[in-house]
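[1] With the sequence up front, the predicted model follows.
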Amino acid sequence: MVLLIMDPFTAIGLAGNIITFIDYSFEIVSMARDIHSSVTGAASENKDLEFLSGKMKDLTVGLKLNKSTAQMTADELNLNELALECNRLSTDLLNLLENLKARNPRSKRETLGAVWRNIRKKDEKDDLEKRLDRCRQHLHLQLTDTARYVERPRLR
């Protein structure tokens, strides 16, 4: 019988790697179960993000002005540019989320493919989500600033 002895740092490193592997495996299985049980073929996290991105897209379509840029004030021009950028980002995010869905969630092969795509595109999805959130914050700030200067009727 061979007795294998490790130094304490190697043992701690090995234990950490095993825990990371178990955590990562649990995440994959959990996502696969989530996608497989979904009617739409999307992970629940992606469904929420898709809903909010769709609402942002609808909102920014309504904010776009139907004037030529020469007729716009500086505030209107800024608001229009921000609305266009938020619309573009929400469209990009919605397209990515559509590609992350399983085409047939009842198929184990499609489910595993969707899990793999979600893992591969996680950084891209997180980046688009952060950029859209920053754009939303700027849009909110621009709307607030523009609303401050709108003349309000005086009460008598």
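    All right, it came through fine.
[2] Distance from stretch 46-57 to the middle of the chain?
    How far stretch 46-57 lies from its chain's middle: 8 Å, per Cα atoms, centre = their mean, to the nearest Å.
[3] Please identify the buried residues of that stretch?
    Asn46, Lys47, Leu49, Glu50, Leu52, Ser53, Met56, Lys57 (16 or more other Cβ atoms under 10 Å). (C-beta placed from N, C-alpha, C; glycine too.)
[4] Val115 and Asp34 touch, don't they?
    No. Counting by Cβ atoms under 8 Å, Val115 does not reach Asp34; the two are 9.2 Å apart.
[5] When these two are compared, which one has more neighbours?
    Neighbours were counted for Val115 and for Asp34 using other Cβ atoms under 10 Å; Val115 has more, 23 against 20.
[6] measure the more buried one to Leu84 for me?
    Val115 sits 34 Å away from Leu84, going by Cβ to Cβ, to the nearest Å.
[7] Same check on Asn46?
    Where Leu84 is concerned, Asn46 sits at a distance of 25 Å (Cβ to Cβ).
[8] residues of the helix or strand of the chain with the lowest mean pLDDT that come out buried?
    Least confident element among the helices and strands of the chain, by mean pLDDT, DSSP states H and E: helix 8-37 (a mean of 88). Within helix 8-37, the residues scored as buried using 16+ other Cβ under 10 Å are Met31, Ala32, Asp34, Ile35, His36.
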